[in-house]
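> here you go, sequence then predicted model.
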Amino acid sequence: MSSRDLLPISLQIPFVVVAILFSISACSELKVLVRLKDGQITQELLEADSERDIITLEFKQGDGALITFLADFKRNVKVLRALVLGEPERGQTQYQALCFITTLQHGDIIPSEAMARLRQKNPHVVRIAEEKRGMERMSMNVAVNLTLSWYLSSHIRNVCRDARDLILTRQQDVRLWLEKGVEGSVFQNLAGTGAGLQDCGSAPDAQQPCTCSYNLRLEWYPCALKYCRGHSPGSGPHRCGIRSCSKGYRFDFRTPHRQLCMWDEGS
């Protein structure tokens, strides 16, 4: 999606005010314009359901990949899915799905009840995050069984159903979930990413296992609430806005052959 598909440069405004309204709302949908790292503009769809205690964020990257972020606060589970477009002229399928599942950490995103109350004052504003967070690199060396994934979160099956054998998590997250009583049969250990394997982009044999990496960045999302002091004497602080963040992720994982890392194949 390019900037000309959305609005002319002359209408772009350098900042936006997002108000938190305190009307009761269990579900909400917010569409915002976001400037990507490469300068293109995309539209993000943010949805919150305070009754189910989940947030989803979805947008299209400059390369056409569709990125979905899901936060399940009830189960403390975070899901990042990428639908990566293939190149038909190179014999690649229409798209490839990847699903990465980790523990939801405090401060990853604002609570669902706060997200459900967000309202946008100017939908034509192009947003840039206030805080740039660094890239987090993760070694995804455990496969998640889609059929049994409801032990982790009832939302995984819907989000990750197209990823098939590329639904992945980390050993450190598995240990936390097992301590909380999650059924061990949900997980299957995979060979490590660094065990003598070459990067898929430089692997000479297309049929041999290799180490694949996928990068993505959430360019804008509400990461914290802002509090202001009341005007009347003795009144305490109250919610008066949000802080926005940008954060990158790099996922390293093993693939049985190079074609399953199609964005690196032949690079």
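Alright, I've got the coordinates.
> can you pull out the strands in the stretch 51-200 of the chain?
Along the stretch 51-200 of the chain, the segments classed as strands by DSSP state E, counting those that start in this stretch run 54-60, 66-72, 77-85, 95-103, 118-120, 126-127, 131-139, 142-144, 167-169, 187-189.
> may I see the buried residues of the lengthiest helix in the chain?
Counting residues, the longest helix found in the chain (DSSP state H) is helix 171-179. In terms of neighbour count (16 or more other CB atoms under 10 Å), helix 171-179 has its buried residues at 173, 174, 177. Heads up, the C-betas are built off the backbone N, CA and C, glycines and all.
> burial measure for the nearest residue to the last one once chain neighbours are set aside, as a count.
The reference is to residue 177. Closest residue to residue 177 apart from its sequence neighbours, by CB to CB, 6 or more residues apart in numbering: residue 152 at 6.5 Å. Residue 152 has 26 neighbouring residues, counting by other CB atoms under 10 Å.
> what does residue 98 give?
Neighbourhood size, residue 98 [other CB under 10 Å]: 24.
> I'd say it and residue 68 touch.
No - applying CB atoms under 8 Å, one finds residue 98 not in contact with residue 68, separated by 10.6 Å.
> which residues are common contacts for the two?
Both residue 98 and residue 68 are contacted by 81, 82, under the criterion CB atoms under 8 Å, 6 or more residues apart in numbering.
> just the helices in the protein please.
Using DSSP H, helices in the chain cover 112-115, 156-160, 171-179.
> relative to strand 77-85, how tilted is the longest one?
Compare the direction of helix 171-179 with that of strand 77-85 by axes from the mean of the first three to the mean of the last three CA atoms, to 10 degrees and you get 140 degrees.
> coming back round to it: for my notes, please list the helices of the chain in CSV and give mean pLDDT for each entry.
Formatted as CSV, these follow (pLDDT from 0 to 100):
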stretch, mean pLDDT
helix 112-115, 93
helix 156-160, 97
helix 171-179, 96
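> quick one: closest of these to residue 246.
helix 112-115 (17.1 Å; CB to CB).
> list the buried ones in the closest one?
For helix 112-115, by 16+ other CB under 10 Å, it's 112, 113, 114, 115.
> what does that helix rub up against?
Residues outside helix 112-115 that contact it (CB under 8 Å, 6+ apart): 20, 28, 30, 46, 48-50, 52-55, 71, 73, 109, 222, 225, 239, 242.
> one more time with 10 Å
With CB atoms under 10 Å, 6 or more residues apart in numbering as the test, helix 112-115 has contacts from 20, 24-28, 30, 46-57, 71-74, 109, 221-222, 224-225, 239, 242.
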